[in-house]
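A.B. asks: need a structure here:
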Amino acid sequence: MPSTVSSRSHYTPSLSTLLLQLKNLRQQNTSLHPIDPLLHQLDEYCEHFDHSLHLLNLEFNQVSTALTTLVTMLEQPNLGTLECEQVYCLLEPFAHRLQQTTMQIQELA
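C.D. replies: Predicted structure coming up:
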């Protein structure tokens, strides 16, 4: 007989969904009013988290687009050979950008 727990283990509700469920439970039970400040704080954290994820997504998309453009440029047959310094000048801004994005992700953790 299959376990219902194993079928549920594949579904992970989002933070927003869990918060909504908590709010609904709170509305159904007035004795839970002491958790109202915590629910409000969680709501603010969710908004901040969603905003940060959106910004990180934009950042990764920009870096990805820039790197794809760089690769396309480097694959041009008429480009010839680039000196190491020229390649460094092309790649250094992307490396710096990725480092900044990594730091932003670490701040979220």
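A.B. asks: got a list of what residue 104 touches?
C.D. replies: Taking C-beta atoms under 8 Å, 6 or more residues apart in numbering, we find residue 104 in contact with 52, 55-56, 59. Quick note: C-beta positions are derived from backbone N, CA and C, even for glycine.
A.B. asks: what is the lengthiest helix in the chain packed up against?
C.D. replies: Longest helix in the chain by number of residues (criterion: DSSP state H): helix 36-74. In terms of contacts (3 or more C-beta pairs under 8 Å, 6 or more residues apart in numbering; DSSP states H and E), helix 36-74 is packed against helix 15-28, helix 84-108.
A.B. asks: which of the ones you listed has the lowest average pLDDT?
C.D. replies: Least confidently modelled of these is helix 84-108, at a mean of 79 by mean pLDDT.
A.B. asks: pull out the buried residues from that one.
C.D. replies: Under the neighbour-count criterion of 16 or more other C-beta atoms under 10 Å, helix 84-108 has 97, 101 buried.
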